[in-house]
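**Q** Can you look at this prediction? I've put the sequence above it.
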Amino acid sequence: MKRVAASTMIAILAVALVWAQGPTQFHPGFNLFTKAQDVQLGQENAAQVRKQLTVIHDPFLTEYVTRVGKRLVSAREAQESGFPFTFEVVADPSINAFALPGGPMFINTGLLRAVDNEGQLAGVMGHEMSHVILRHGTNQASKSKLIELPAVLGSEMAGSSMVGKLAAMGIGLGANSVLLKFSRSAESQADLMGSHLMAEAGYNPMEMARFFEKLNAQGGSHGLQFLSDHPNPDNREKAIEAEAHRLPQQNYGYGTGEFQRMKQVIAGIHEPKPKVQAQ
Ligand SMILES: [Zn+2]
């Protein structure tokens, strides 16, 4: 009996050890916004984006990125965030995507052209989604406007534009917006949480690492856009790989089966000359 008890103890300890080395846990940073304000801000910004950039209204493409996105949203950490994610395609040759606070995500045709498989697309989308879940945009804004923000956020917002009020404080949506420029530690978090979302959705997290590696190796003005918005943390690929090993064993066999058709549709799209960057 004693022997059985000892071996049981050893088994329990072994399980506990695996748990101790389990997936990274995240603690959202300091934030003066409520989650509802993240959503309001993102939706107002998204309305501006739709006026300033060329959103493609191709039902197949929109449905395709939405299928991949919804699959990622089914993962636990996205579910628990409760944010209403939406997915749209923008005609822009640069390899990029961005997600606004609260969930609106825009994916460039240049990114759809550049990915080698659906896992790589899911990798970028999972990374962007993680910035939203971890509220990195409004966290950065909170840190940069610590003194001025409480009065603005606490005032009666009904019927008034949050975007306008924040723009008056210098928090716009432009290329250098604090809402879309992330620190290296925020990047690491988005990589790791993105790998969780991918794994649960059935995509191999290593495809995210491979795609970032490819962007790095390629360089060039198109690929650099993503890396300038999402600066490379140290050992990016190794960190994603290590996290992937900490995840419970997963079956990475998921795919929509529509990747090749997406590539064909994208090949037929000619992006217009870029409009002025969203401000
Ligand atoms: Zn990022």
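**A** Done, it's in.

**Q** contacts, neighbours, all on C-alpha from now
**A** Fine.

**Q** following the worst-scoring helix or strand of the chain on mean pLDDT, which helix or strand comes up?
**A** Using mean pLDDT, DSSP states H and E, the weakest-scoring helix or strand in the chain turns out to be helix 2-20, at a mean of 60. Per DSSP states H and E, helix 2-20 leads on to helix 35-52 as the next helix or strand towards the C-terminus.

**Q** Quick one: list the elements packing against the helix or strand that that following helix is followed by.
**A** Downstream of helix 35-52, the next assigned helix or strand under DSSP H and E is strand 55-56. Packed against strand 55-56 by the contact rule (3 or more C-alpha pairs under 8 Å, 6 or more residues apart in numbering; DSSP states H and E) you find strand 86-90.

**Q** What residues of the strand it packs on count as buried?
**A** Buried residues in strand 86-90, counted by 16 or more other C-alpha atoms under 10 Å: 86, 87, 88, 89, 90.

**Q** roughly how far is it from the heart of the chain?
**A** Mean-position distance between strand 86-90 and its chain equals 13 Å (C-alpha atoms, centre = their mean, to the nearest Å).

**Q** who does it pair up with?
**A** As defined by DSSP bridges, the strand partners of strand 86-90 come to strand 55-56 (antiparallel), strand 104-108 (parallel).

**Q** which outside residues touch the first one?
**A** Contact with strand 55-56 is made by 62, 88, 89, 90, 91, as judged by C-alpha atoms under 8 Å, 6 or more residues apart in numbering.

**Q** The longest one too?
**A** Residues lying outside strand 104-108 but in contact with it, judged by C-alpha under 8 Å, 6+ apart, are 42-43, 46, 84-99, 128-129.

**Q** average pLDDT for that strand?
**A** For strand 104-108, mean pLDDT is 96.

**Q** any residue of that strand up close to the ion?
**A** No. On the criterion C-alpha under 5 Å from the ion, strand 104-108 is out of touch with the ion, staying 12.8 Å away.

**Q** near the ion, which residues of the protein show up?
**A** So far as C-alpha under 5 Å from the ion goes, the chain lies against the ion at 187, 230.

**Q** What is the burial count for the closest residue to the ion within the chain?
**A** Relative to the ion, the nearest point of the chain is residue 230 (4.1 Å; C-alpha to the ion). As a burial measure, residue 230 scores 22 neighbours (other C-alpha atoms under 10 Å).

**Q** isn't it right next to residue 187, touching?
**A** Yes. Under the criterion of C-alpha atoms under 8 Å, residue 230 makes contact with residue 187 at 6.3 Å.

**Q** ok, back up a step: quick one, which of the strands paired with strand 86-90 is packed in tightest?
**A** Burial of these is given as mean neighbour count (mean count of other C-alpha atoms under 10 Å); strand 104-108 ranks first at a mean of 23.

**Q** Output the following helix or strand past that strand as PDB - backbone C-alpha positions only.
**A** The helix or strand immediately downstream of strand 104-108 is helix 109-114, counting by DSSP H and E. Only the C-alpha atoms of helix 109-114 are listed here, as PDB (Å, rounded to 0.1, in the frame of the first residue of the first chain):
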ATOM      1  CA  THR A 109      -4.100  42.400 -49.100                       C
ATOM      2  CA  GLY A 110      -0.300  42.600 -48.900                       C
ATOM      3  CA  LEU A 111      -0.400  40.300 -45.900                       C
ATOM      4  CA  LEU A 112      -2.800  37.800 -47.600                       C
ATOM      5  CA  ARG A 113      -0.300  37.800 -50.600                       C
ATOM      6  CA  ALA A 114       2.700  37.200 -48.300                       C
END
